[in-house]
Structures are given as C-alpha cells and as structure tokens.
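# test case, fold it:
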Amino acid sequence: MDQGLTLFILKACPYCKQVLRWMEELKQENAAYGDIPLRIVDERKEPEVAARHNYYYVPTYYLDGNKVHEGVANREIVRKVFEMALERG
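I've put the predicted structure just below:
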C-alpha cells in the first residue's frame, strides 16, 4: 500500500497547476505541511502507477492508499487534505 500523500496530475491540466500553487502557498503558511510525505505522479510519465488506482479525473489525492479527493479542488480542499495527512501522521 502507498504510504503518505499521493497526488495524481497531468502536466497540461490547469486545475493541477493551480493545486500545486496552492500546496506551495499552504506550505509557506504552515511548515508542518512541508513535512508530509508527498509523491506527485504525472499519469503520462508513470502510467503503470496510475493504472493501479481507481480514478478518472485529475487532480486526485490519495492518502495512505485511499482516495480522499478527486477532480477540481479549491484552496480549502487542499488544506483539508493536508490536515487529514497530519492527523494520520
């Protein structure tokens, strides 16, 4: 099982780019977010990894192998994903 936080993206996806920007902003606001184990998977570069997960839309977050959010997100959703990761820490 995958441990930590995994984010599935596509490089050309505008929603993925926005999520990545929000993640960086939130890490600046709360240093603990930067300590969360994070793997970013571009599904075009790692199709074998993407194929092992059940999702249709990007960005998609998995926490410890469990899907916690799929599709368009906002800054608050990204914060909630980080908070869930800290709670499981």
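
# name the element the closest residue in space to residue 75 that isn't next to it in sequence belongs to?
Nearest non-adjacent residue to residue 75, counting by CB to CB, 6 or more residues apart in numbering: residue 22, 4.7 Å away. All C-beta spots, glycine's among them, are computed from the backbone N, C-alpha and C. Assigned by DSSP states H and E, residue 22 belongs to helix 14-29.

# circling back: what count of nearby residues applies to the residue nearest to residue 75?
18 (other CB atoms under 10 Å).

# so it makes contact with residue 80?
No: using CB atoms under 8 Å, residue 22 is not in contact with residue 80, being 11.6 Å away.

# the nearest residue to residue 34 once chain neighbours are set aside and residue 88, how far apart?
Distance criterion CB to CB, 6+ apart; nearest residue to residue 34, sequence neighbours excluded, is residue 27 at 4.4 Å. According to CB to CB, to the nearest Å, residue 27 and residue 88 sit 18 Å apart.

# between these two, which one's more packed in?
residue 27 (16 against 13).

# where are the low-confidence patches of this structure?
Within the chain, the segments meeting pLDDT under 70 span 1.

# what ranges does it have for its strands?
Assigned by DSSP state E, the chain shows strands spanning 5-9, 38-42, 60-63, 66-70.

# isn't residue 81 up against residue 67?
No: the pair residue 81 / residue 67 is not scored as a contact, 10.9 Å apart, by CB under 8 Å.

# of the two, who's got more company?
residue 81 (24 against 14).

# apart from its neighbours in sequence, what residue is nearest that one?
Leaving aside its chain neighbours, residue 81 sits nearest to residue 61 (5.0 Å; criterion: CB to CB, 6+ apart).

# sweet, I'm off.
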